[in-house]
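Enquirer: Here you go, sequence then predicted model.
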Amino acid sequence: MQTLPISFRSMPLFLTRHCLLSLAIGLCAGTAASAPGSGAPTSLTAYTEQWPPYNFAEAGKVQGIATDMLRAACDLAQLRCSIQLVPWARGYKVVRHTPNTLLYTTARKPTREDQFLWVGPLLPRTTWVYTRNAPGAPMREAKELTQLRIGVVREEAAQQDLLAAGVPASALVEESSNDAVFRMLMGDLVQAMVDTEVGMAWNLRSVGRPAGTVSKLLKLSEDGGYYFALNLQTDPQVVRKLQQAVDKLRADGRLDAMVRAYEPAP
């Protein structure tokens, strides 16, 4: 069968108008579908752990320094951000495999660089090994920790730092959160744990313990800073808008103000 070309001249006027309208709608729809960034998500699901004062649940609400930063950045970027508090290892796994999700407060390390899209930095990162009852003189190298039982949060950066420094996995006692590791240290179930100065100070104040309750064994790492880590398939527009929001919050001093708000005891 021969296919005849359509001639608008040979068609009645009402059919000509109908065809032209249909064609225009089709072209517009095709243009919208192919436009870069069309259909970009306007919401993110954020996952975090119980690690005061950076992120923690209190009075049924997720709060903390990095949580306040995330909410402020999402407001500026006009994104709806829901937050779920879960064990760190679970959140890490979910965000690795789920588009339009975010993990915080995440140490940006070379071993993680290709696993996420990064927004930040939010905070500097310096971690220390703290102890209550470790024997002997102060330590100079992490490999001297091999004789201690050290509490760690499963899959967190400090665990990787200890293993990279030569501490055997058999010396590490895993828990699901920083809060749980701290309780183990206070209960003498482990001899040491890793935390930041801000994190350890908050933990001690929260249970009414003086600063001298623990002592620093050694500085473990100054590798990288703390960031928001987003799934690799997150829309680039969303990542860009969130980074621009963080940059603005830093420039106008609001990031620093959020840190200062958590300096007093809870």
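Expert: Perfect, I can see it now.
Enquirer: and stretch 50-59, average pLDDT?
Expert: Stretch 50-59 comes out with an average pLDDT of 95.
Enquirer: Likewise for stretch 189-206?
Expert: Stretch 189-206 carries an average pLDDT of 95.
Enquirer: Which residues does it contact?
Expert: Contact with stretch 189-206 is made by 51-54, 125-134, 145, 148-152, 158, 161-162, 173, 178-179, 181-182, 184-185, 210-211, 213-214, 217, 220, 262, 265-266, as judged by CB atoms under 8 Å, 6 or more residues apart in numbering. To be clear about C-beta, it is placed using only N, CA and C from the backbone, and glycine gets the same treatment.
Enquirer: Narrow these to those in strands?
Expert: 127-131, 150-152, 173, 217, 220 (DSSP state E).
Enquirer: are any of the contacts of stretch 189-206 buried, and which?
Expert: 51-54, 125, 127-131, 134, 145, 148-152, 158, 161-162, 173, 178-179, 181-182, 184-185, 214, 217, 220, 262 (16 or more other CB atoms under 10 Å).
Enquirer: which residues sit in contact with L102?
Expert: L102 sits next to 44-47, 70, 81, 95, 228-231, 234 when contact means CB under 8 Å, 6+ apart.
Enquirer: Which members of those define the maximum pairwise distance?
Expert: L70 and N231 (15.1 Å; CB to CB).
Enquirer: Looking only at neighbour counts, state which of these two leads.
Expert: L70 (28 against 21; other CB atoms under 10 Å).
Enquirer: does the more buried one really touch Y47, like I thought?
Expert: No. Assessed by CB atoms under 8 Å, L70 is found out of contact with Y47, at 11.1 Å.
Enquirer: quick one: least confident helix or strand in this protein?
Expert: Least confident helix or strand of the chain, by mean pLDDT, DSSP states H and E, is helix 13-34 with a mean of 35.
Enquirer: following that helix, which helix or strand comes up?
Expert: Following helix 13-34 in sequence order, the next helix or strand is strand 43-48 (DSSP states H and E).
Enquirer: Okay, buried residues for that following strand please.
Expert: In strand 43-48, counting by 16+ other CB under 10 Å, buried: 44-48.
Enquirer: quick one: that strand to chain centroid distance?
Expert: For strand 43-48, the gap between its own C-alpha mean and the chain's C-alpha mean amounts to 9 Å (CA atoms, centre = their mean, to the nearest Å).
Enquirer: Parallel or antiparallel, which strands does it pair with?
Expert: strand 80-85 (parallel), strand 101-107 (parallel) (DSSP bridges).
Enquirer: So which of the contacts of L102 is the closest to P168?
Expert: Looking across the contacts of L102 and measuring by CB to CB, the closest to P168 is A229, at 27.8 Å.
Enquirer: Tell me which residues touch the closest one, please.
Expert: A229 touches 95, 102-104, 106, 108, 112, 115-118, counting by CB under 8 Å, 6+ apart.
Enquirer: so can I have CSV of the buried residues of strand 43-48 showing distance to A66?
Expert: Formatted as CSV, those follow (distance: CB to CB, whole Å):
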residue, distance to A66
L44, 14
T45, 16
A46, 10
Y47, 12
T48, 7
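Enquirer: now, which of the residues you listed sits nearest E141?
Expert: T48 (32.1 Å).
Enquirer: dump the residue contacts of the closest one.
Expert: Contacts of T48 by CB under 8 Å, 6+ apart are 55, 62, 66-67, 83-86, 91, 103-105.
Enquirer: partners of it in the sheet?
Expert: Going by DSSP bridges, T48 forms beta bridges with L85.
Enquirer: Could you shift the numbering so residue one becomes 689, and keep it that way?
Expert: New numbering, starting at 689: the last item is T736.
Enquirer: gap between it and A845?
Expert: Here the criterion is CB to CB, to the nearest Å. By it, T736 lies 14 Å from A845.
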